[in-house]
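S.K.: just a sequence and a predicted model for now, questions to come.
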Amino acid sequence: MTPNIKKTEAGVSVQIVLPFREGNSVPKLREAPKYQCLKDNKEALIRAVKARMQACYDSLVEGMDNIVYNDGMSIHYKVDGSYSYFNLPSWEVMEKLLKALEEDAYYNWDIPMYEQLLKSVVLHFDATYKNYDKMVCYLINHLAVQG
């Protein structure tokens, strides 16, 4: 089975041909409930979101003496010679996300909630955790479908 890879104007196209199986030899795929991945990792996700919120807060406190711009929604500041920013709408989304995780409310999430959860997982989820790769793939796929 050799994949066909071509460069197009829109990007890279990959085509793979998989052979058919006869009759009953086709395995049935067991579909996990829609939010099972989130439920199974609830505690680790809560820790990741809390760690991300703490890191954002700590960075803001560290940069309070070097504020470059502040419009009430976004605060830009300098820390260790590089620019950082604190975005209030993103913070509010993280608060909403944390509450939803703590209350097992996995439905009706909007794209910003999934984006913040993906950032939390990538930056603060223990990468040695057994489901790390599945969680990252789940979040990326969910964003691709919604976006």
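M.R.: Here it is on my side, so go on. Residues are numbered from 1 along each chain as shown.

S.K.: wait, is Asp104 part of a helix?
M.R.: No: counting by DSSP: H, G, I helix; E, B strand; the rest coil, Asp104 is not found in a helix; it is coil.

S.K.: got the phi and psi for it?
M.R.: For Asp104, the backbone dihedrals (degrees, to the nearest 10) come out as phi 60, psi 40.

S.K.: so it makes contact with Lys39?
M.R.: Yes: contact criterion Cβ atoms under 8 Å: Asp104 and Lys39 qualify, at 7.1 Å. From N, CA and C alone the C-beta is placed, and that goes for glycine too.

S.K.: and the two? Which one has more around it.
M.R.: Legend: neighbour count by other Cβ atoms under 10 Å for Asp104 and Lys39, higher for Lys39 (14 against 11).

S.K.: pretty sure that one contacts Tyr106?
M.R.: Yes: counting by Cβ under 8 Å, Lys39 touches Tyr106, with 6.8 Å between them.

S.K.: what is the neighbour count of Arg52?
M.R.: 23.

S.K.: and it, how far from Val61?
M.R.: Using Cβ to Cβ, to the nearest Å, we find Arg52 at a distance of 15 Å from Val61.

S.K.: could you do Val121 as well?
M.R.: Val121 is 24 Å from Val61, by Cβ to Cβ.

S.K.: next: Met53.
M.R.: Taking Cβ to Cβ, one finds Met53 at 13 Å from Val61.

S.K.: between those two, point out the one with more neighbours.
M.R.: When neighbours are counted by other Cβ under 10 Å, Met53 and Val61 differ, and Met53 comes out ahead with 18 against 10.

S.K.: following the helix or strand bottoming out on mean pLDDT in the chain, which helix or strand shows up next?
M.R.: Among the helical and strand segments of the chain, the one scoring lowest on mean pLDDT, DSSP states H and E is strand 11-15, with a mean of 61. Using DSSP states H and E, the helix or strand that follows strand 11-15 towards the C-terminus is helix 36-40.

S.K.: buried residues in that next one?
M.R.: For helix 36-40, burial by neighbour count (16 or more other Cβ atoms under 10 Å) applies to 37-38.

S.K.: which strands and helices sit next to it?
M.R.: Contacts defined by 3 or more Cβ pairs under 8 Å, 6 or more residues apart in numbering; DSSP states H and E place helix 36-40 against helix 132-146.

S.K.: I'm done for today, thanks for sticking with me.
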